[in-house]
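Colleague: With the sequence up front, the predicted model follows.
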Amino acid sequence: AQSVTQPDIHITVSEGASLELRCNYSYGATPYLFWYVQSPGQGLQLLLKYFSGDTLVQGIKGFEAEFKRSQSSFNLRKPSVHWSDAAEYFCAVGASDSGGSNYKLTFGKGTLLTVNP
Amino acid sequence: EPEVTQTPSHQVTQMGQEVILRCVPISNHLYFYWYRQILGQKVEFLVSFYNNEISEKSEIFDDQFSVERPDGSNFTLKIRSTKLEDSAMYFCASKRGESSYNSPLHFGNGTRLTVT
């Protein structure tokens, strides 16, 4: 079965600093990989996704992530954090038992990002 | 941009009561899902639904749970007899169909269920 590990429960950065949130996954085949963000009281918003192809993917709000198969990682990065980026970030792996275009997501426990002014 | 909408945003119920959580998926989507997040824990898969039937369910999704697509727009999750441990945030999600192989799940804002 697939699993996702986000080793950092809480990260604090200063506004304008760079950010990297770590994500490691376990899955037997090539995974579908996602980052979602959840602001307080809000739902899960998709930041970016990887299905295949270029291993560096660009997302919304200036985020990017790199799929590294050798390290089973899909770390999220942003060069300069804004105060509005404070939220909880979830990495997820998509896997299908039956094949086809249906898949279910397995989420990590999330990383809470605090941004200091 | 089209959104998945969920109602109500917060539901309080007494233990043993039935609750129905409602979702309106994005209109041209064909796959529908329910996930839940118990406070302080991971977001967990409950069930996926396609072509008017359950395509996959987790071990959490026992006989107390059911899903239905009663018309062309709504997708509901029913809990027949709620327990304290059902208190959680419930997320509905939808995804485009077969012609869009590499499409992501779009989530609603969730319904916070509190069982007292």
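Modeller: That came through, no problem.
Colleague: what does chain B have sitting close to chain A?
Modeller: With the criterion set to Cβ under 8 Å from any Cβ of the partner chain, chain B comes near chain A through B:4, B:6, B:31, B:33, B:35, B:41-45, B:48, B:50, B:55-56, B:91, B:93, B:95, B:97-98, B:100-110. The way it works is simple: take the backbone N, C-alpha and C, and place the C-beta from them, glycine included.
Colleague: and the gap between the residue lying closest to residue A:117 once chain neighbours are set aside and residue A:84?
Modeller: Counting by Cβ to Cβ, 6 or more residues apart in numbering or on different chains, residue A:15 is the residue found nearest to residue A:117 once chain neighbours are left out, at 5.7 Å. Using Cβ to Cβ, to the nearest Å, one obtains 10 Å as the distance from residue A:15 to residue A:84.
Colleague: Next: residue B:103.
Modeller: Relative to residue A:84, and taking Cβ to Cβ, residue B:103 is found at 27 Å.
Colleague: Between the two, point out the one with more neighbours.
Modeller: More crowded of residue B:103 and residue A:84, by other Cβ atoms under 10 Å in any protein chain shown: residue B:103, with 18 against 10.
Colleague: Low-confidence ranges, the chain, go.
Modeller: No chain was given, so I picked chain A. A:97-101 (pLDDT under 70).
Colleague: switch to chain B, that's the one I care about
Modeller: Ranges of chain B meeting pLDDT under 70: B:98-101.
Colleague: At the geometric centre of it, which residue do we find?
Modeller: Most central in chain B under Cα atoms, centre = their mean is residue B:34, positioned 2.9 Å from the mean C-alpha point.
Colleague: Next: chain A.
Modeller: Short answer for chain A (Cα atoms, centre = their mean): residue A:35, at 3.0 Å.
Colleague: quick one: which helix or strand includes that one?
Modeller: Secondary structure from DSSP states H and E places residue A:35 in strand A:32-38.
Colleague: residues in contact with that strand?
Modeller: A:21, A:23, A:25, A:44-51, A:59, A:63, A:65, A:67, A:74, A:76, A:87-95, A:103, A:105, A:107, A:110, B:102, B:104-105, B:107 (Cβ atoms under 8 Å, 6 or more residues apart in numbering or on different chains).
Colleague: about what we covered before: quick one, what contacts the closest residue to the residue nearest to the centre of chain A other than its chain neighbours?
Modeller: Spatially, and ignoring its direct neighbours in sequence, residue A:35 is nearest to residue A:47 (4.3 Å; Cβ to Cβ, 6+ apart). Counting by Cβ under 8 Å, 6+ apart, residue A:47 touches A:34-37, A:59-61, A:63, A:65, A:76, A:89.
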